Every structure is written in C-alpha cells, then in structure tokens.
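Undergrad: what's the 3D shape of this:
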Amino acid sequence: MRNLAWLWGVERPWLSGPRKISRMDVYKSILPFCLLLLSGCSLTEQKQFWYQPGLPGPQARKTIDGLHDTDSGTRINELELAAHSDCLGSPDATLHYLRVLEDLWPRLESSTTGDKTNGQLLNAYNRSLGRFLICVQRHRQYVPGEGVVISTDTETRTIPIRLIGLPWTAADIQNLYPVGAYHAKSLTRQIKRFGCGMPLVAQRTCPTNQHSGEQFLLPGSTFSLTAVLKTEVAESEVAGTPGTQPILEFHNPLNSTELSVAGNLLPLAADLSAPFAFQEICSSQQVEPFDWFIHPEMGNDKDGLFFLEPYQPGKIPVVMIHGLMSSPRTWVDMANELRSISGFSDRYQIWGFRYATGEPFVASASILRRDLNLALSQLKETSSDPALDHIVLIGHSMGGLIAKAQISYSSDRMWCAVANRPLSRITTDHATRNSLGENFYFSPQTSVRRVVFVAVPHGGSTLATRLVGQLGSSLVKPDATAVKRHRQLIEDNPGVFSAEVTHGNPTSIDLLKSSSPLLQALRCLPVSSSVKMHSIVGNGRYSIGDGRGDGVVGIASARHSGVISECYVPASHTEIHRRSETVCEVWRILSEHHQQFLTESNPHQLRN
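TA: Predicted structure coming up:
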C-alpha cells in the first residue's frame with residue numbers, strides 16, 4: 001500500500017524534491033483512458049508532423065540542365081543559384097526561383113501531355129514553385145490582396161495575383177503554406193491529386209469584413225488553394241523576360257480538377273486534406289476537449305456556430321455537431337471524405353457547432369438555436385437564397401440530442417421534467433428567468449429540413465451511471481456564476497425542482513442517464529412535420545446493461561421513432577462517424593435531400 005501512496009498525493013520518491021500529485025491529475029489521466037477502452041478507440045497513434053516541401057532534388061536540376069543544353073547555355077542554371085541562396089536564407093532566392101519558373105512555363109505550354117519530358121518538367125516546375133512560395137512567405141514578399149513584391153538592389157518585380165473559382169477574396173489570403181509531408185491524428189486518409197501547380201494551405205488570420213456572416217468565420221481559418229505561376233504577354237516590356245508578365249494564380253481545387261495550358265488540359269494538383277491537418281498540428285488556438293469538458297467556462301468565447309468557408313448562395317448548409325468530450329475535429333474525416341466526392345462542394349457548404357460538452361445539452365442547444373437565428377437573419381438580408389431554408393443537421397452522440405432540440409416543440413414538457421411550478425412563478429431575477437426560458441421553451445427552427453442522428457443516446461447510456469461516468473461528472477467544474485445562480489434557484493424555491501436538479505448543477509453526463517426525466521422528455525417531444533430524420537446506429541460492440549450497440553450507446557437507445565431510414569454500421573462509438581459506410585450513407589441522404597431541394601425550389605423547371 002505504501003508503494004501506491006504517491007498516487008493519492010504523497011511525495012514521489014524518484015524526484016529530487018517533494019512534489020504533490022493531486023487527485024484531479026490522477027483522474028484526468030485515468031478517465032480518458034477508461035473512456036477510450038470502453039468505446040473501442042485505438043490507443044496507439046503515430047506522431048503528428050507537418051513538413052514543407054524540400055529543395056528541388058537532383059532530378060529537377062538535371063532537367064533544367066538538359067533544357068539549358070538545348071539552348072546552347074544561354075542562361076546560367078538559375079536553379080542552382082536559387083537552391084544555394086535558399087539554403088543561406090537569402091531573399092535573393094525568390095528572384096532566382098522566379099526566373100526558373102519563367103523559363104519553365106513556356107516549355108510546359110509547348111510540351112506534349114503524357115510524354116516523359118512533360119512529367120520531368122512538371123516535377124521541376126512544382127518543386128521550384130513550392131520553394132518560391134516558401135521564400136516569399138519567409139521574406140515577407142507577399143502582400144495580401146495585392147501580390148508578390150520582390151525588391152533587390154538592382155530591380156523590383158511585382159507579380160499580381162488572380163483568383164480562380166474561390167469563395168475567398170484576395171484580402172483573405174494572408175499567409176501561404178506550401179504542402180509537403182504531414183500526418184494528423186484526426187485524418188484517416190489524405191486526399192491528394194498529382195498535377196500541375198503547388199497545393200497550398202492559405203490562412204486568414206484577420207477579418208476582412210467582406211463577407212455576409214463575417215462573424216461566423218473563425219480567426220485562423222485555413223483553406224485549400226493550388227498555386228500556378230504562369231507568364232502572359234504584357235502590353236509593354238517589363239523587367240525580366242521582354243514582353244511577358246508573370247501572374248500568380250490561386251485555383252480552388254474543390255471545384256477544379258483540370259488546368260488549361262496552351263490548349264492542353266493538365267490535371268490540377270490538389271491536396272484537399274492539408275488544411276485540416278495544418279489546423280490540427282500548427283494552430284495555437286486549439287482547446288483540448290477534455291479540458292473544455294471539465295472547465296466549461298474555457299469555451300465561453302469559442303462556443304457557437306461557425307462556417308468552414310464564406311457563405312456561398314445556392315449551397316445548402318450542413319451543420320455538424322460533435323458529441324461528449326469531443327470537438328469539431330471529430331468531424332474531420334467525414335468532412336474530408338465528403339468534400340472529395342464529386343458534386344458535394346457544388347451543392348453543399350459545411351458549417352460546424354462547437355460547445356463545452358460538460359454543460360447540460362439544453363444549454364448548448366439554446367446557443368445553437370440563437371446562432372442559427374442570427375446567422376440566417378444576417379444572410380437573408382443580402383440574399384433570398386432558398387438553400388438557407390433546407391439546412392441539414394448531422395449530430396454525433398450528444399450532438400444528436402442538440403440537433404433534436406432544433407426541430408422539436410417543447411411546449412411545457414421540458415420545464416415540467418425539472419420543476420413542478422410554472423416558470424413565471426419561480427423566484428429569481430429577470431436574467432435567470434430569461435435564460436431558463438431559452439433553455440426549456442422552444443419551437444422548431446423552420447430552416448432545418450433534415451436531421452441525421454449518428455450513434456445518438458436518445459434513451460441514455462448505462463455508461464453514465466457507472467463509476468467512470470460518475471467520476472467524469474464529478475470532475476466538471478461549472479463557473480462561479482452558474483453555481484451562484486443554481487444555489488439561488490434551489491434556496492429560494494424549495495421543493496420545486498426535481499432531484500436531478502436539486503442535488504447539484506447537472507452535468508451533461510448526469511442528463512445522459514436513462515433515468516433522467518429531462519432526457520426522456522426530449523425523446524418524446526413532437527418534431528416538425530416538415531423535417532425528415534435518419535438514424536445511423538452502431539452495432540459493432542456489446543456492453544453490460546445496454547446490450548448490443550457501439551460500446552457506449554445500445555441499439556435500443558440509438559433508435560428513434562419517426563425516422564425514414566435506419567442504417568446499421570459495425571463500429572465503435574468513437575469510430576462510427578469516421579467509417580466509410582457512414583460516409584456513404586450520409587452522402588446517400590444528402591443526395592436525396594438535394595433532389596428534394598430542387599423539386600421544392602424550382603418544380604416547373606424540373607417538369608420541363
């Protein structure tokens with residue numbers, strides 16, 4: 001017993017000095033481990049990394065040498081100079097790489113698609129373009145909204161930018177990160193395409209106030225671009241090649257797969273997964289889901305609805321809502337796979353909802369309801385877009401309960417599940433009464449037309465009543481304001497509130513018990529007749545008390561009356577929304593939904 005004494009806060013003998021480990025430290029280490037085991041999640045993970053493209057290799061230099069040989073050596077091998085300056089960290093490298101690219105582009109235009117030389121040219125061009133952009137970013141030669149400005153002792157070159165098919169503006173493209181090798185925990189598959197151009201992650205660090213719904217674009221937003229540097233005939237001679245002007249084009253790889261080069265179609269290079277990986281690996285704004293679960297107040301300024309890209313009229317919003325002890329990162333695989341499907345990005349735009357998962361789901365549902373109303377009111381001021389009235393919600397785990405609250409009529413059923421006195425007769429201040437009203441009284445959001453439930457505990461989970469669930473609930477630390485408000489309600493309204501409320505501030509885990517009156521009330525609420533519901537249910541595990549299910553939510557709990565389709569996936573609770581079967585089912589549902597949207601928004605055109 002003495003050997004285990006350090007676990008409970010006694011000195012650790014292997015350290016040089018006395019230091020205590022708190023029970024919270026122990027619980028914080030054990031609880032995620034227990035939940036991972038129970039839910040079937042893998043415990044082995046490869047280390048994350050992000051590397052930028054390396055210097056052009058010997059093959060690229062050999063290709064350039066061969067080209068110069070055919071020109072009788074009219075120009076010194078600029079690639080050697082560029083690589084040397086690049087290694088030294090000299091800003092001269094940018095100009096050398098630019099000259100290489102100006103040499104290579106006309107040769108790409110005159111080469112034959114598919115021959116060996118063309119492939120070598122593409123490789124040399126892409127590698128040089130990658131290093132050119134790295135040097136541009138490193139030496140602050142990129143001016144957002146304007147282009148690349150390269151100044152030396154002898155000359156100044158300005159390279160304008162051109163956007164092709166992007167929902168972002170030139171001012172939004174504030175940082176450029178060429179894509180090399182990477183690995184992110186949240187990504188099962190990297191979706192890439194070889195071709196002409198350099199895949200980039202662009203980052204928007206500051207708002208530009210150029211978009212509808214600007215406040216819903218997150219600071220530090222990242223998105224995919226493919227850069228192509230080409231030369232075009234200029235109206236007058238400029239520095240460099242006489243009669244030509246370099247142009248830096250940024251293409252949208254989500255919508256474009258080919259690039260026209262002198263009448264020939266080349267595949268456009270792309271990396272659709274890189275922005276997700278970069279955000280996870282390199283962002284300094286990430287909050288660990290477990291910390292957010294324990295300390296809900298950490299998320300007060302981060303809770304809410306957000307857009308993955310600027311609002312695009314005509315595209316239906318798909319809102320992804322994560323589950324307990326999770327974050328929007330849990331949807332990376334789903335979003336990554338959906339965006340790789342031809343037609344998805346033409347029809348849909350992805351929104352997300354982030355919330356502190358230690359809070360009761362009724363409070364989080366109220367925040368989503370508020371944000372949806374605000375976003376729709378702002379967007380509809382500038383656009384009469386019928387797509388905004390066909391929103392799809394996809395909720396995983398507890399996120400599905402939040403989604404259910406967006407399409408339901410509460411009447412007084414939710415309030416009666418926690419109190420035996422009307423809200424109007426509760427003794428409290430005005431602000432608290434309003435907050436309670438927003439949480440417990442609601443009607444369907446009329447713009448939501450379809451909901452997909454993924455492993456949702458409509459009937460609760462026995463995991464919430466077990467030791468690990470009780471431990472998790474005990475770790476949640478509500479902020480001082482919430483504690484004070486709860487104490488006032490209980491003390492000034494004796495005998496009014498139900499046991500699950502009276503005994504303490506209920507956490508999200510408390511409300512996931514199958515015996516929770518509030519959870520049962522939500523399950524029985526009527527939903528809007530204009531909403532279609534679908535269920536995706538896990539059946540790959542077995543748990544005591546819940547029986548067959550996903551290891552956390554039993555099949556009986558995950559089923560919901562009124563759904564028009566039910567799909568069973570042999571997966572664990574933490575993996576089901578990442579599985580290819582789930583992605584295929586979601587895409588089937590979205591395809592069906594888009595057909596309904598077309599029928600309702602323009603029935604005459606369809607008939608004709």
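Undergrad: Show me what the lengthiest strand in the chain is packed up against.
TA: Identified as the longest strand of the chain according to DSSP state E is strand 221-233. Packed against strand 221-233 by the contact rule (3 or more CB pairs under 8 Å, 6 or more residues apart in numbering; DSSP states H and E) you find helix 92-110, helix 116-138, strand 175-178, strand 198-204, strand 244-251, strand 270-271, helix 274-282. For every residue, glycine as well, the C-beta is placed using N, CA and C.
Undergrad: Show me the strands in the stretch 201-350 of the chain, by range?
TA: 221-233, 244-251, 258-261, 264-267, 270-271, 304-307, 316-321, 348-354 (DSSP state E, counting those that start in this stretch).
Undergrad: most packed of those strands?
TA: Among the strands of the stretch 201-350 of the chain, strand 316-321 has the highest mean neighbour count (mean count of other CB atoms under 10 Å), at a mean of 26.
Undergrad: now for it, which elements pack on it?
TA: The contact analysis (3+ CB pairs under 8 Å, 6+ apart) places strand 316-321 against strand 348-354, helix 361-382, strand 391-396, helix 398-406, helix 580-601.
Undergrad: Turn the strands of the stretch 201-350 of the chain into JSON lines, columns for distance to residue 47.
TA: Output for the strands of the stretch 201-350 of the chain, formatted as JSON lines (distance: least, CB to CB, whole Å):
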{"stretch": "strand 221-233", "distance to residue 47": "21"}
{"stretch": "strand 244-251", "distance to residue 47": "31"}
{"stretch": "strand 258-261", "distance to residue 47": "35"}
{"stretch": "strand 264-267", "distance to residue 47": "32"}
{"stretch": "strand 270-271", "distance to residue 47": "20"}
{"stretch": "strand 304-307", "distance to residue 47": "28"}
{"stretch": "strand 316-321", "distance to residue 47": "27"}
{"stretch": "strand 348-354", "distance to residue 47": "26"}
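Undergrad: Turn the ones you listed into CSV, columns for mean pLDDT.
TA: Listed next are the strands of the stretch 201-350 of the chain as CSV, based on pLDDT from 0 to 100:
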stretch, mean pLDDT
strand 221-233, 94
strand 244-251, 94
strand 258-261, 90
strand 264-267, 88
strand 270-271, 97
strand 304-307, 95
strand 316-321, 98
strand 348-354, 96
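Undergrad: Quick check: which of those is nearest to residue 568?
TA: strand 316-321 (21.2 Å; CB to CB).
Undergrad: Distance from the chain centre to that closest one, please.
TA: In terms of CA atoms, centre = their mean, to the nearest Å, the centre of strand 316-321 is found 11 Å from the chain centre.
Undergrad: do stretch 183-202 as well
TA: From the chain centre to the centre of stretch 183-202 is a distance of 15 Å (CA atoms, centre = their mean).
Undergrad: which residues sit in contact with the residue lying closest to residue 200 once chain neighbours are set aside?
TA: Once flanking residues are discounted, residue 200 sits nearest to residue 225: 4.4 Å by CB to CB, 6 or more residues apart in numbering. Going by CB atoms under 8 Å, 6 or more residues apart in numbering, residue 225 touches 166, 173, 176, 199-202, 250-253.
Undergrad: change it to 6 Å
TA: If you count contacts by CB atoms under 6 Å, 6 or more residues apart in numbering, residue 225 has them with 200, 202, 250.
Undergrad: With adjacent residues omitted, what lies nearest to residue 171?
TA: Nearest non-adjacent residue to residue 171, counting by CB to CB, 6+ apart: residue 145, 4.1 Å away.
Undergrad: got the phi/psi numbers for that neighbour?
TA: phi 90, psi -10 (degrees, to the nearest 10).
Undergrad: thinking it is in contact with residue 169, fair?
TA: No: Residue 145 is beyond contact range of residue 169, at 7.6 Å (criterion: CB atoms under 6 Å).
Undergrad: Pick out whichever of these two has more residues nearby.
TA: Set residue 145 next to residue 169 and count neighbours by other CB atoms under 10 Å: residue 169 wins out with 15 against 12.
Undergrad: So that one versus residue 161, what's the distance?
TA: Relative to residue 161, residue 169 is positioned 11 Å away (CB to CB, to the nearest Å).
Undergrad: With residue 256 instead?
TA: 16 Å.
Undergrad: Neighbour count: these two, which is higher?
TA: Between residue 256 and residue 161, residue 161 has the larger neighbour count (other CB under 10 Å), namely 18 against 14.
Undergrad: Could you check the pLDDT of the more buried one?
TA: Model confidence at residue 161, expressed as pLDDT, equals 95.
Undergrad: cool, and the one 10 residues further on?
TA: Per-residue confidence for residue 171 comes out at a pLDDT of 95.
Undergrad: swap in residue 368?
TA: Confidence for residue 368, expressed as pLDDT, is 97.
Undergrad: any low-confidence regions in the stretch 101-250 of the chain?
TA: Applying pLDDT under 70 to the stretch 101-250 of the chain flags residues 112-117, 235-242.
Undergrad: Which positions are bridged to residue 321 in the beta structure?
TA: residue 353, residue 395 (DSSP bridges).
Undergrad: ok, now which ones touch it?
TA: Residue 321 makes contact with 353, 395, 399, 402-403, according to CB under 6 Å, 6+ apart.
Undergrad: distance of it from residue 480?
TA: 28 Å.
Undergrad: which one of the contacts of residue 321 is nearest residue 243?
TA: Among the contacts of residue 321, and counting by CB to CB, the member closest to residue 243 is residue 353, at 53.5 Å.
Undergrad: Next up, the contacts around that closest one.
TA: Per CB under 6 Å, 6+ apart, neighbours of residue 353: 305, 321, 368.
Undergrad: Can you give me the separation between the second one and residue 311?
TA: It refers to residue 321. The value you get for residue 321 to residue 311, if CB to CB is used, is 19 Å.
Undergrad: Then the first one?
TA: When CB to CB is applied, the distance between residue 305 and residue 311 equals 12 Å.
Undergrad: what's the answer for the last one, then?
TA: Counting by CB to CB, the gap between residue 368 and residue 311 amounts to 17 Å.
Undergrad: So what does the residue nearest to residue 316 when sequence neighbours are not counted have for phi and psi?
TA: Setting aside the residues directly before and after it, residue 316 is nearest to residue 387 in space (CB to CB, 6+ apart), at 4.6 Å. Backbone torsions of residue 387, given as degrees, to the nearest 10, read phi -60, psi -30.
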